[in-house]
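Asks: The sequence and its predicted three-dimensional model are supplied below.
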Amino acid sequence: MGSTFRVFFFALLLLSSLLFMAKARPLDLPKTTASDLLARLKLDEESPDCWSSLIQLQSCTGELIMFFLNGETEIGKSCCLAIRTISHLCWPTMIDALGFTAEESHVIE
């Protein structure tokens, strides 16, 4: 008797969920183009180095943390190049995306 009730309850639950899913409507989201995305991110088409520099800077985070904690100046050449590219060629908020302040970015430079 208990197993029959469970099967009936499960079938009823499945049927009701299928009915709700059948009534769901697709969302009509506006189609975005690459130029819209570039405009929202304040980039131009000639700045792909910003993304690669940001990825490089994220991989250097350990070195940068040790720099601020211990005052070590052992930051690698690729990290320095990424910092310079971001601070001089890319939009200013990229450093903020990693949680560094403007003062910290000047100290790193």
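Replies: It's in.
Asks: Next, count neighbours for the residue lying closest to E104 once chain neighbours are set aside.
Replies: Among residues not flanking E104 along the chain, F68 sits closest, at 7.0 Å (CB to CB, 6 or more residues apart in numbering). Heads up, the C-betas are built off the backbone N, CA and C, glycines and all. A total of 12 residues lie near F68 under the criterion other CB atoms under 10 Å.
Asks: quick one: F68 from L18, how far?
Replies: Using CB to CB, to the nearest Å, we find F68 at a distance of 56 Å from L18.
Asks: before we move on, what about Q56?
Replies: 49 Å.
Asks: So between these two, which is more surrounded?
Replies: Legend: neighbour count by other CB under 10 Å for Q56 and L18, higher for Q56 (18 against 10).
Asks: elements contacting the helix or strand that contains that one?
Replies: If you go by DSSP states H and E, Q56 is part of helix 49-59. The contact analysis (3 or more CB pairs under 8 Å, 6 or more residues apart in numbering; DSSP states H and E) places helix 49-59 against helix 77-89, helix 93-97.
Asks: rank these by pLDDT, which is bottom?
Replies: Sorting those by mean pLDDT places helix 93-97 lowest, at a mean of 60.
Asks: so S17, which of the three states?
Replies: helix (DSSP: H, G, I helix; E, B strand; the rest coil).
Asks: Would you mind checking which helix or strand in the protein has the lowest mean pLDDT?
Replies: helix 34-40 (a mean of 56; mean pLDDT, DSSP states H and E).
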